[in-house]
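Colleague: Sequence plus the predicted model coming up.
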Amino acid sequence: MYPLIEIKTVPIEIEMKVTHAKMEYSRGTADLEISRGDGGLSIKSRPIRLNIDTFEARNSITPTAVRSVEQYAQQGQQASYAATATYAQQGQLLLEAKIGQDMIGQFAADAQMQNYKPNVGIEFLPTTGPEITWDPGEMHIRYEMDKLNFDWRVNQPQFEFTPGDIELSVTQQPDVIIKYIGGPLYVPPSAAPNYEPVDVEA
């Protein structure tokens, strides 16, 4: 007899794609910016300053009203001091005077000699010279060199990591194929055109 059934199995097919992990490195870059600052030279000079004060010199020629009052007051004070001293001296002499001595005439002669001032008609004006002062000159020199400014801009290096990946895809599903390979079945069997009776021995 021949087999009537053919059984065929179809296995599963799986496709696997693997992506390996990788790390990418990007190099850092550096930018340089240079700027220049200009210096300079500055010179400041101040010449000598001469100060002339002629106030006292002018007052010796034509005194002001305030100065005239001060001078007259000072002269009056000095005259009073001199008169006091003279009267005291004369009083002392009168106490010591002898009989018959002419003290009044001597006092008059002394007074004339004190008040006598020879006038030759010569006077130097002004009697006081000007007051002269001066401030020294100054010179300031400032020099500043040029400047170079460097501005660095550095980008840090970067790392980029790509993780691995596994992709599974089923390209064919598993299956079982059953196929009947025998001939047609007749009922009853004697109806088959190629029927041959089976000998059965008793």
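Modeller: In hand now; what should we look at?
Colleague: what stretches of the protein score poorly on pLDDT?
Modeller: Residue ranges of the chain with pLDDT under 70: 1-2, 90, 92-125, 199-202.
Colleague: so what does the longest helix along it touch, helix or strand wise?
Modeller: Counting by DSSP state H, the longest helix found in the chain is helix 65-95. Helices and strands touching helix 65-95, by 3 or more C-beta pairs under 8 Å, 6 or more residues apart in numbering; DSSP states H and E, are helix 103-115. The way it works is simple: take the backbone N, C-alpha and C, and place the C-beta from them, glycine included.
Colleague: Pairing partners for residue 8 in the sheet, please.
Modeller: For residue 8, the beta-bridge partners are residue 177 (DSSP bridges).
Colleague: Tell me if I'm right that it and residue 174 touch.
Modeller: No - the pair residue 8 and residue 174 does not pass the contact test of C-beta atoms under 8 Å, sitting 12.0 Å apart.
Colleague: can you list contacts of stretch 55-69?
Modeller: Residues outside stretch 55-69 that contact it (C-beta atoms under 8 Å, 6 or more residues apart in numbering): 71, 125, 126, 127, 128, 129, 130, 131.
Colleague: can we see that at 10 Å?
Modeller: 54, 70, 71, 124, 125, 126, 127, 128, 129, 130, 131 (C-beta atoms under 10 Å, 6 or more residues apart in numbering).
Colleague: and the end-to-end length of that stretch?
Modeller: Across stretch 55-69, the terminal residues are separated by 16 Å (C-alpha to C-alpha, to the nearest Å).
Colleague: Can you point out the buried residues in that stretch?
Modeller: Of all the residues in stretch 55-69, those buried under the rule 16 or more other C-beta atoms under 10 Å are 57, 59.
Colleague: Off-centre distance for that stretch?
Modeller: 58 Å (C-alpha atoms, centre = their mean, to the nearest Å).
Colleague: how close does residue 52 sit to residue 31?
Modeller: If you measure residue 52 against residue 31 using C-beta to C-beta, to the nearest Å, the figure is 67 Å.
Colleague: Oh, that last question was meant for residue 51, not what I typed.
Modeller: Taking C-beta to C-beta, one finds residue 51 at 62 Å from residue 31.
Colleague: Quick check: chain neighbours aside, which residue is closest to residue 158?
Modeller: Nearest in space to residue 158, with sequence neighbours left out and distances taken as C-beta to C-beta, 6 or more residues apart in numbering, is residue 26 at 4.8 Å.
Colleague: Contacts only, for that neighbour.
Modeller: By C-beta under 10 Å, 6+ apart, the residues touching residue 26 are 155, 156, 157, 158, 159, 160.
Colleague: Check residue 164 too.
Modeller: With contacts defined as C-beta under 10 Å, 6+ apart, residue 164 is in contact with 18, 19, 20, 21, 22.
Colleague: In strands only, show me the contacts of residue 26.
Modeller: 158, 159, 160 (DSSP state E).
Colleague: just how off-centre is the longest helix of the chain within its chain?
Modeller: That offset, for helix 65-95, works out to 74 Å (C-alpha atoms, centre = their mean).
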